[in-house]
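Peer 1: I'll drop the sequence and a predicted model, then ask my questions.
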Amino acid sequence: MRPYTAYDSVSGWNQIQKEGQRCHDEQLRGGRRAKFAVVGAGFAGVAAARRLAEFYPGQEIVLLDALPAGEGAAGRSSGFMLDRVETKIDARNTGPQADWQTAILQSGLAWLHDTISARGIDCDWQDIGHYKTSTTLQGARELDHLLARLDGKGISYRRLSRLDISAEIGAAQCTNAVWLSNCVLVQPARLIQGLLATLPDQVKVYTNSAVDRFDIGNPHTLGVGPHEIKADVVVFCNNVTLPFFGYGGQRQLTVYTYAGMTPELDDQELAKFGTATAWGVTPVERLGPTTRKLVSRRFLFRAGFSYKKELPPSHMGPYLHHVYSQRYPQLKSHAFEYVWGGALSMTRNGAPIFGRMARNIYALSGCNASGILKMTALGKLLAEEIADADSPLLTDTRRFARPQWIPPEPLRSLAVSYNVARMKKAMRN
Ligand SMILES: Cc1cc2nc3c(=O)[nH]c(=O)nc-3n(C[C@H](O)[C@H](O)[C@H](O)COP(=O)(O)OP(=O)(O)OC[C@H]3O[C@@H](n4cnc5c(N)ncnc54)[C@H](O)[C@@H]3O)c2cc1C
């Protein structure tokens with residue numbers, strides 16, 4: 001296993017940022033001594049570092065990332081922030097576990113909202129809800145099931161007729177859709193870059209600085225090529241590469257998903273996606289695409305998965321093009337300006353890897369494909385765990401953060417193929 005994910009593609013979200021909007025990159029040089037070293041500057045690591053700074057004012061916290069700022073999965077995501085677990089694509093849990101998951105999502109949303117307001121982070125924050133759609137019979141059944149759960153919780157939604165679907169989102173293939181208020185949409189690269197740029201001064205951020213060595217000691221030592229950091233406490237928030245450092249290998253696996261972003265579209269093309277300037281759609285079918293009409297006059301299309309390895313844009317570009325043209329046959333062009341993939345850590349039961357791994361070593365992973373809110377909230381809670389703070393949410397997190405064992409290879413690959421085949425079959429029904 002490699003210590004970090006070197007991508008074959010770049011995130012379109014970063015490419016469309018204007019000059020001066022990107023966060024400054026500084027590489028680690030020489031040696032440093034810190035109280036805390038946080039590995040991974042995605043949503044988990046940034047939240048953990050910010051919260052640690054609140055508990056330990058004046059203490060040095062080093063935050064390291066292998067890639068340029070915002071080029072990890074955080075800046076590659078689609079920017080959906082759904083704050084109720086029932087409405088997520090992979091909503092398996094019920095009862096107290098589902099209530100805990102919703103509490104996590106809502107705490108992540110509240111914290112992000114407070115942070116971006118207090119720090120003036122401009123990330124196209126749009127509190128506009130989202131559409132949930134289905135394209136298959138199985139999907140229609142799942143949507144009905146979701147609506148029954150929402151009815152049970154007293155959560156309102158608006159059902160769309162076929163005419164509404166065509167007028168509001170223009171998706172030819174969708175047979176059923178509802179609109180739900182529970183979603184905020186963001187420009188994810190601007191969000192993560194804004195969060196990084198506004199960390200307190202005691203947090204030193206080093207990007208393009210891959211940790212490739214970890215020696216346990218007192219203090220611990222992290223190697224970044226020939227450079228070194230000595231830290232009393234190490235916090236791993238590095239998502240899929242956690243097993244490289246000896247933790248989580250039997251509880252998480254790596255999956256990639258892919259996105260394409262179109263060039264700016266003319267008025268005529270934009271009108272084919274309805275009259276609203278922006279919207280977002282997530283599917284009920286687990287393998288279905290997520291789509292967004294963007295304020296930047298572009299269209300975002302996320303679809304497809306691969307296990308363990310990133311497939312190159314030359315492979316995924318034609319695939320995304322094909323699925324996009326099936327869904328929106330009325331468009332003149334289905335060209336993407338940017339196509340990229342991103343790595344996700346998946347646990348078997350959706351529970352995160354969270355907490356103390358060994359003396360003064362902590363870890364957080366297992367975003368399970370939608371981690372903006374989840375990993376933000378858990379990163380904050382991990383800092384609270386380190387600081388020995390307590391809260392009902394932290395108590396519940398300790399209780400529910402129990403990812404199941406995943407068998408090793410070759411059983412692991414077989415299990416992944418079996419599950420994907422099962423989901424594809426369900427989509428044909
Ligand atoms: C195409 C796509 C669409 C998505 N859409 C959504 C969405 O709409 N909503 C949503 O909630 N989630 C979405 N996600 C998932 C979301 O991006 C992740 O769940 C989230 O980024 C996980 O946060 P994290 O901090 O755990 O990991 P990451 O964001 O992956 O951060 C971990 C960081 O650790 C760094 N790292 C790894 N190894 C090392 C090392 N050895 N040394 C130093 N640094 C290291 C990485 O470079 C990375 O930046 C999407 C993901 C993809 C790929």
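Peer 2: That came in fine, so what should we check first? Numbers count the residues shown, from 1 in each chain.

Peer 1: make it CA atoms for all contacts and neighbour counts henceforth
Peer 2: Noted.

Peer 1: remind me which residues of this protein are low pLDDT?
Peer 2: In the predicted model, the chain carries pLDDT under 70 at residues 89-93, 426-429.

Peer 1: ok, 90 please
Peer 2: Residue ranges of the chain with pLDDT under 90: 1, 18-24, 86-95, 138, 153, 171-173, 285-287, 416-429.

Peer 1: Can you name the next helix or strand after the biggest helix by length in it?
Peer 2: Longest helix in the chain, counting residues (DSSP state H): helix 95-119. Downstream of helix 95-119, the first helix or strand assigned by DSSP states H and E is strand 130-134.

Peer 1: how far away is G366 from N239?
Peer 2: 7 Å (C-alpha to C-alpha, to the nearest Å).

Peer 1: hey, what's in contact with both of these two?
Peer 2: Taking C-alpha atoms under 8 Å, 6 or more residues apart in numbering as the criterion, G366 and N239 both touch L344, S345.

Peer 1: For stretch 379-393, measure first residue to last.
Peer 2: For stretch 379-393, the end-to-end distance is 13 Å (C-alpha to C-alpha).

Peer 1: same thing with stretch 336-354?
Peer 2: Across stretch 336-354, first to last residue, C-alpha to C-alpha, it's 37 Å.

Peer 1: cool, and stretch 400-412?
Peer 2: By C-alpha to C-alpha, the extent of stretch 400-412 from end to end equals 24 Å.

Peer 1: what's the answer for stretch 117-130, then?
Peer 2: Start-to-end, stretch 117-130 (C-alpha to C-alpha) is 22 Å.

Peer 1: what's in contact with that stretch?
Peer 2: With C-alpha under 8 Å, 6+ apart, stretch 117-130 has contacts from 115-116, 179-191, 194-195, 198, 279-282.

Peer 1: So which of those belong to helices?
Peer 2: Using DSSP H, the contacts of stretch 117-130 in helices are T115, I116, P188, A189, R190, L191, G194, L195.

Peer 1: what number of residues lie near the third one?
Peer 2: P188 is flanked by 25 other residues according to other C-alpha atoms under 10 Å.

Peer 1: ditto for the fifth one
Peer 2: For R190, the count of nearby residues is 24 (other C-alpha under 10 Å).

Peer 1: swap in the last one?
Peer 2: For L195, the count of nearby residues is 24 (other C-alpha under 10 Å).

Peer 1: Pull the contacting residues for it.
Peer 2: Contacts of L195 (C-alpha under 8 Å, 6+ apart): V46, I116, I121.

Peer 1: what's the spacing between the last one and the ligand?
Peer 2: Read it as I121. I121 sits 18 Å away from the ligand, going by C-alpha to the nearest ligand atom, to the nearest Å.

Peer 1: same check, this time on the second one
Peer 2: Distance check for I116 against the ligand: by C-alpha to the nearest ligand atom, it reads 17 Å.

Peer 1: Next: the first one.
Peer 2: In this view, V46 and the ligand are 7 Å apart by C-alpha to the nearest ligand atom.

Peer 1: In this structure that residue contacts T198, no?
Peer 2: No - here V46 lies out of contact with T198, judged by C-alpha atoms under 8 Å, at a distance of 10.2 Å.

Peer 1: Which one's more surrounded, the two?
Peer 2: Neighbour totals were compared for V46 and T198, and V46 leads with 28 against 17 (other C-alpha under 10 Å).

Peer 1: Secondary structure class of the more buried one, three-state.
Peer 2: The three-state assignment at V46 reads helix, by DSSP: H, G, I helix; E, B strand; the rest coil.

Peer 1: ok, residues contacting the helix or strand encompassing A415?
Peer 2: Per DSSP H and E: A415 is located in helix 411-428. Helix 411-428 is contacted from outside by T136, L137, Q138, G139, E285, R286, L287, Y307, I406, using C-alpha under 8 Å, 6+ apart.

Peer 1: Looking at these, which are in strands?
Peer 2: Those of those mapping onto strands are Y307, per DSSP state E.

Peer 1: Please convert the buried members of the contacts of helix 411-428 into PyMOL selection syntax.
Peer 2: Listed next is the PyMOL selection for buried residues among the contacts of helix 411-428, using 16 or more other C-alpha atoms under 10 Å:
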select buried, resi 136+138+139+285+286+287+307+406
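
Peer 1: quick one: L105 from the ligand, how far?
Peer 2: Computed as C-alpha to the nearest ligand atom, the L105 to the ligand distance reads 9 Å.

Peer 1: And A148, by the same measure?
Peer 2: On the measure of C-alpha to the nearest ligand atom, A148 and the ligand end up 24 Å apart.

Peer 1: Just confirm that residue is within a helix.
Peer 2: Yes - assessed with three-state DSSP, A148 lies in a helix.

Peer 1: show me where this structure has helices.
Peer 2: Under the criterion DSSP H, the chain contains helices at 12-15, 43-55, 95-119, 137-153, 162-168, 188-197, 267-271, 313-327, 372-386, 392-400, 411-428.

Peer 1: Now the longest one: buried residues?
Peer 2: Across helix 95-119, burial judged by 16+ other C-alpha under 10 Å covers 97-109, 111-112, 115-116.

Peer 1: Likewise for the fourth one?
Peer 2: Applying a neighbour-count criterion of 16+ other C-alpha under 10 Å, one finds Q138, G139, A140, L143, L146, L147, L150 buried in helix 137-153.

Peer 1: can you check the fifth one too?
Peer 2: Applying a neighbour-count criterion of 16+ other C-alpha under 10 Å, one finds I165, S166, A167, E168 buried in helix 162-168.

Peer 1: Give the single residue among those positioned nearest to the ligand.
Peer 2: Nearest to the ligand among these, counting by C-alpha to the nearest ligand atom, is E168 at 20.1 Å.

Peer 1: pretty sure the closest one contacts A278?
Peer 2: No - using C-alpha under 8 Å, E168 makes no contact with A278, being 10.3 Å away.

Peer 1: centroid residue for the chain?
Peer 2: In the chain, the residue lying closest to the centroid (C-alpha atoms, centre = their mean) is G371, at 3.6 Å.

Peer 1: Next up, the contacts around that one.
Peer 2: F43.

Peer 1: which ones are touching the residue at the greatest distance from the centre of the chain?
Peer 2: Going by C-alpha atoms, centre = their mean, the residue of the chain most distant from its centre is N218, 33.3 Å out. Applying C-alpha under 8 Å, 6+ apart to N218 gives the contacts D232.

Peer 1: How much space separates it from N360?
Peer 2: If you measure N218 against N360 using C-alpha to C-alpha, the figure is 9 Å.

Peer 1: what touches both of those two?
Peer 2: Common neighbours of N218 and N360 (C-alpha under 8 Å, 6+ apart) are D232.
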